[in-house]
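> let me see the structure of the following:
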Amino acid sequence: MVARSKGVVALEDRHGVEADVAPLLAFLHEATVDHAVLFPCDDRWLDVVARLATVDGGSYPASVPGPDAVEQLTDKGVFAQTLDRLDIPRPKTFEVRSVDDLRPIEGEEMASFFLKPRDSQRFTNEFHEKGIPLADRRSAFGKLERALANGHALVAQERIVGPPRNHVFLDGFVDRHGRFTGLYARRRVRMFPPEFGNSTDSVTIPLTEVEDAVASLRRLFEAIGYRGMFDAEFKRDTSTGTHKIIEVNARAWWQIELARAAGVDVVRMAFLDALGLDVPAVERYLIGRRWVHTFPDLRARVSTPWIQPDAARHDGWFRARHAVLRWSDPRPAISEFERVVGVALRLGPWHQP
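Predicted coordinates:
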């Protein structure tokens, strides 16, 4: 899908470069790219680019956290330990190495926890889901045993109940000097799948609505020496009113176009910072800017038709920034539409598993 955008220039007609420092350098040299700023777009490549920065002489700079900070954010077990050490508001989390580790939450309390992979990318690629609910104990234990047998490390995490709008995100950029040069907040409107899914509709909101989350994020980033763009997820605990941190994406994320729509161009900030140039700080951003993941959001609207954005001013659905739909660059949307239709045909009511 991405390769069909008119903004993409293919370096070479091949795929599957191994995600490691040496293969990446070899690929760039063979593609005759002497100098380039790198932008990792998933956790696997984030780790590679962070390690590359420690050995490369400056031909391929990137504005990313150091390897230690990357591990503290991408490994959910290490992340939980870091939050415990800093005493930052977070859901209860503990490591699960076997079914026996779930005994402390036997009984009715088990339904209030779910299993979460320490390496979410590898787990999602295999299981096609982000977490394992524990409400159905028999099914959960079967999936747990399969995951452990396949080498996955997991944690059990408390579920913070509440609708999608209780999820808020702090997105922005921290430069090489540790300055927040851009920071804005957005609220989730809808998600899909409904239980363990991704945002399909988000709207920017004032930072004053999430001041405790901002304080938590600043404390975390100062402690680990963070640098680069970020997308930090929080959920409001209705029993205390506190926003608890769920996870941090330390690289480009799906809703990154919303940042530019709101006036916080984190991509340009990362480009300037990687080149050692000054990054102008953005003090204000636009409220009510909206981002939609077109096709998943249509499914979410069918499954949760009663959920709508707040009555406050915001972009309408058609005026929102869409993840793949843009009239000036339609080919990615056509590609995605073809994929969605293909999946629907394979999994329709006539489909036999």
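
> residue ranges for the helices of the chain, please.
All helices of the chain, identified by DSSP state H, fall at 21-30, 43-52, 67-74, 76-86, 120-127, 137-149, 211-224, 256-261, 266-274, 294-303, 331-346.

> mean pLDDT lowest for which of those helices?
Set side by side, these show their lowest mean pLDDT on helix 120-127, which sits at a mean of 80.

> any idea how the protein splits into domains?
17-62, 92-158, 164-326 (automatic domain parsing).

> quick one: closest of those domains to residue 73.
With CB to CB, the closest approach to residue 73 among the domains of the chain belongs to domain 164-326: 4.8 Å. Every C-beta, even on glycine, is put in place using the N, C-alpha and C of the backbone.

> what's the end-to-end length of that closest one?
Length of domain 164-326, first residue to last, CA to CA, to the nearest Å: 26 Å.

> quick one, what contacts the closest residue in space to residue 297 that isn't next to it in sequence?
Here the nearest residue to residue 297 in space, its sequence neighbours aside, is residue 200; by CB to CB, 6 or more residues apart in numbering that works out to 3.7 Å. Shown here is residue 200, whose contacts under the criterion CB atoms under 8 Å, 6 or more residues apart in numbering are 190-192, 292-293, 296-297, 299-300.

> closest one of these to residue 42?
Within these, proximity to residue 42 (CB to CB) peaks at residue 293, which comes in at 16.7 Å.

> on that earlier part again, can I get the contacts of residue 200 in a markdown table including neighbour count?
Putting these into a markdown table (neighbours: other CB atoms under 10 Å) gives the following:
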| residue | neighbour count |
| --- | --- |
| 190 | 25 |
| 191 | 25 |
| 192 | 22 |
| 292 | 28 |
| 293 | 24 |
| 296 | 20 |
| 297 | 22 |
| 299 | 17 |
| 300 | 25 |
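
> distance to residue 164 added to the helices of the chain, as JSON lines?
As requested, those are exported to JSON lines (distance: least, CB to CB, whole Å):
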{"stretch": "helix 21-30", "distance to residue 164": "37"}
{"stretch": "helix 43-52", "distance to residue 164": "23"}
{"stretch": "helix 67-74", "distance to residue 164": "23"}
{"stretch": "helix 76-86", "distance to residue 164": "21"}
{"stretch": "helix 120-127", "distance to residue 164": "19"}
{"stretch": "helix 137-149", "distance to residue 164": "23"}
{"stretch": "helix 211-224", "distance to residue 164": "16"}
{"stretch": "helix 256-261", "distance to residue 164": "16"}
{"stretch": "helix 266-274", "distance to residue 164": "24"}
{"stretch": "helix 294-303", "distance to residue 164": "9"}
{"stretch": "helix 331-346", "distance to residue 164": "22"}
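
> where among the domains of the chain is the average confidence lowest?
When the domains of the chain are compared on average pLDDT, domain 92-158 comes out lowest at a mean of 82.

> wait, residue 218 sits on residue 180?
Yes: with contacts counted by CB atoms under 8 Å, residue 218 reaches residue 180, the gap being 7.4 Å.

> the two: who's more crowded?
In this comparison of residue 218 against residue 180, neighbours counted by other CB atoms under 10 Å, the higher total goes to residue 180 at 18 against 15.

> contacting residues for the more buried one?
The neighbourhood of residue 180, defined by CB under 8 Å, 6+ apart, consists of 172-174, 218, 281.

> which among these count as buried?
172-174 (16 or more other CB atoms under 10 Å).

> quick one: the nearest residue to residue 49 once chain neighbours are set aside from residue 252, how far?
If the residues on either side of it in the chain are set aside, residue 49 comes closest to residue 40, at 4.5 Å by CB to CB, 6+ apart. Going from residue 40 to residue 252 by CB to CB, to the nearest Å gives 7 Å.

> one more: residue 75?
19 Å.

> show the pLDDT at the closest residue to residue 31 other than its chain neighbours.
Once its chain neighbours are removed from consideration, residue 31 has its nearest residue in residue 11; the separation is 4.0 Å (CB to CB, 6+ apart). For residue 11, the model assigns a pLDDT of 76.

> and residue 11, what does it touch?
With contacts taken as CB under 8 Å, 6+ apart, residue 11 has the following neighbours: 27, 31, 33.

> tell me which of these is nearest to residue 97?
The closest of the contacts of residue 11, once distances to residue 97 are taken by CB to CB, is residue 27, at 36.9 Å.
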